[in-house]
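In: mind folding the following:
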Amino acid sequence: MTTTPQPGAGGPTPEALEARFVELAAAGDLDGIVALYAADAVVSLPLGREAAGPEAIRRAFAAALAAGALGRFDGAVESRAVVTGDLAMTTSSCADGAVRTQVARRTAEGRWVWVRDGSRLRDVPACAPVGSHSLAVA
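Out: Residues are numbered from 1 along each chain as shown. Here you go, the predicted model:
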């Protein structure tokens, strides 16, 4: 499934996505964070669960913001990308030593959005599914 992201969504380059994420997380901008992801994106959560699609991703990041867990993404970020056509694998190294990898895709408008984020929320306890109130979409 491919849908058109909102205008200004994503970033001008795959490398720019991580720095933009850090800015948006610091500002508590949930809409901005969700706009960095494609409509068909998947974000890994704790316990092997996943948030698939914008609503589930919104719930996951809302939980992380409410818990203050996104402050850990502050600091200098060095991002690299390996680009092949309209796909890129992005790797980001943060000041705290954390390394994250994502997969990004170029939109029809030429912007880049993440389609797979396997590491950002995986170790954030606030995003762990609880009982029947899972953040993931089946």
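
In: from Gly28, how far off is Arg122?
Out: Distance, Arg122 to Gly28, using Cβ to Cβ, to the nearest Å: 21 Å. Any C-beta I mention is one placed from the backbone N, CA and C, and that applies to glycine too.

In: of the two, give the one with the bigger neighbour count.
Out: Neighbours of Arg122 and Gly28, each counted by other Cβ atoms under 10 Å, are more numerous for Arg122; the result is 17 against 12.

In: so what's the closest residue to the more buried one other than its chain neighbours bridging to?
Out: Nearest residue to Arg122 in three dimensions, chain neighbours excluded: Ser44, at 4.6 Å (Cβ to Cβ, 6 or more residues apart in numbering). Applying DSSP bridges to Ser44 gives these bridge partners: Glu50.

In: residues in contact with Ser44?
Out: Neighbouring residues of Ser44 by Cβ atoms under 8 Å, 6 or more residues apart in numbering: Glu50, Asp117, Gly118, Ser119, Arg120, Leu121, Arg122.

In: mind giving me a markdown table with these and columns for distance to Ala128?
Out: Formatted as a markdown table, the contacts of Ser44 follow (distance: Cβ to Cβ, whole Å):
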| residue | distance to Ala128 |
| --- | --- |
| Glu50 | 12 |
| Asp117 | 16 |
| Gly118 | 16 |
| Ser119 | 15 |
| Arg120 | 14 |
| Leu121 | 10 |
| Arg122 | 10 |
